[in-house]
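>>> sequence plus predicted model, see below.
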Amino acid sequence: MSELATANPHSAVLKVIAAIRTDAGCHRERNEDSAVFIRPGDAALLSSKGVLAIVADGVGGHSAGETASRIAVAIVGRRYFETTAEWRTALVESIRDANAAILAHSRENHSLADMGTTCTALAIREGFAWCGHVGDSRLYLVRDGQIYAMTENHSAVMEKVRAGLLSIEEARRHEDRNIIVRSLGSRADVAVDAWKEPLPVLQDDRFVLCSDGLYDIVEDSEIKALVANADPFDAAQRLIALARDRGAPDNVTAVILAVSGRSEEAPVKPTREQGMLQ
């Protein structure tokens, strides 16, 4: 891969267009993924906090995973915009608040005792981006014909990769690749990965937030090919369709943020996940 560019000469005119697609897949009765994109209607809040996208992939079975992921996107989506903290702190604190809310809810409802969820959140403001992340949902950046994984999975196999026991390709195909070692709702103190510095955003950048139901069966190169320079709504639809064509054994979610220099802002197509925060 080429070196990631950091120049940001057009930040003042950049606009973000978002598309969300989520699907239960071919073998699951429930969709335990949740996703949201929030663009504040208040101009002052938009100026101070920017826009926010979140993907959460629930675990726990029955309705537990669905409940956990919905709590995550609701709490993070609300608390991020409520706090006066700077970006990085706001993202980390909002994700930790979601963790506390999920734990409290599971303790009050015995049928939800084992619920948990991943959470990957991306904020973009004035030409810069921040990310907060727990679990094995993923954030990609597609830029200048390259695709970059911007988060690292908190999974058992990735721990083996870091220890030199597995290669990346071996980890991708490993039977334990979906066993996560960090999630919201599993313990009181959750470690949130957050970028130490903001990422300058460039015109024509594409960000893809997705659950493992997508990247497990769609190669990074295929995500790049479908997303680069494409209409985000069409690209999201094609990614879900490709996953379903390959059997989609898990829930599949893709959120695509397209950065452009156009003055108009296209509306987000409504989904059950996006609508719940309206």
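On my side now, so go ahead. Computed from a predicted structure; not experimentally measured.
>>> strands of the chain, start to end?
Assigned by DSSP state E, the strands in the chain fall at 15-23, 33-38, 51-59, 116-117, 119-125, 128-134, 138-143, 146-149, 193-194, 199-200, 206-210, 252-260.
>>> tabulate the ones you listed (JSON lines), appending mean neighbour count, mean pLDDT and distance to residue 83.
(Glycine included, C-beta is placed from N, CA and C.) Output for those, formatted as JSON lines (neighbours: other Cβ atoms under 10 Å; pLDDT from 0 to 100; distance: least, Cβ to Cβ, whole Å):
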{"stretch": "strand 15-23", "mean neighbour count": "22", "mean pLDDT": "97", "distance to residue 83": "21"}
{"stretch": "strand 33-38", "mean neighbour count": "28", "mean pLDDT": "98", "distance to residue 83": "14"}
{"stretch": "strand 51-59", "mean neighbour count": "29", "mean pLDDT": "96", "distance to residue 83": "12"}
{"stretch": "strand 116-117", "mean neighbour count": "32", "mean pLDDT": "96", "distance to residue 83": "21"}
{"stretch": "strand 119-125", "mean neighbour count": "27", "mean pLDDT": "97", "distance to residue 83": "12"}
{"stretch": "strand 128-134", "mean neighbour count": "25", "mean pLDDT": "97", "distance to residue 83": "13"}
{"stretch": "strand 138-143", "mean neighbour count": "22", "mean pLDDT": "98", "distance to residue 83": "21"}
{"stretch": "strand 146-149", "mean neighbour count": "16", "mean pLDDT": "97", "distance to residue 83": "28"}
{"stretch": "strand 193-194", "mean neighbour count": "17", "mean pLDDT": "96", "distance to residue 83": "14"}
{"stretch": "strand 199-200", "mean neighbour count": "18", "mean pLDDT": "97", "distance to residue 83": "21"}
{"stretch": "strand 206-210", "mean neighbour count": "27", "mean pLDDT": "98", "distance to residue 83": "21"}
{"stretch": "strand 252-260", "mean neighbour count": "27", "mean pLDDT": "97", "distance to residue 83": "22"}
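>>> make TSV out of those strands and add distance to residue 81.
Putting those into TSV (distance: least, Cβ to Cβ, whole Å) gives the following:
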stretch	distance to residue 81
strand 15-23	16
strand 33-38	7
strand 51-59	7
strand 116-117	20
strand 119-125	10
strand 128-134	14
strand 138-143	20
strand 146-149	27
strand 193-194	17
strand 199-200	20
strand 206-210	18
strand 252-260	17
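>>> what's the closest of these to residue 187?
Nearest to residue 187, of all these, is strand 116-117, at 9.5 Å by Cβ to Cβ.
>>> what packs against the closest one?
strand 51-59, helix 64-82 (3 or more Cβ pairs under 8 Å, 6 or more residues apart in numbering; DSSP states H and E).
>>> out of these, flag the one nearest residue 28.
helix 64-82 (10.0 Å).
>>> returning to what we had before: tell me which of the helices and strands packed on strand 116-117 lies nearest to residue 149.
Comparing the helices and strands packed on strand 116-117 by Cβ to Cβ, strand 51-59 comes nearest, at 14.3 Å.
>>> for the closest one, which strands pair with it and how are they oriented?
Sheet pairing of strand 51-59 (DSSP bridges) gives strand 33-38 (antiparallel), strand 116-117 (antiparallel), strand 119-125 (antiparallel).
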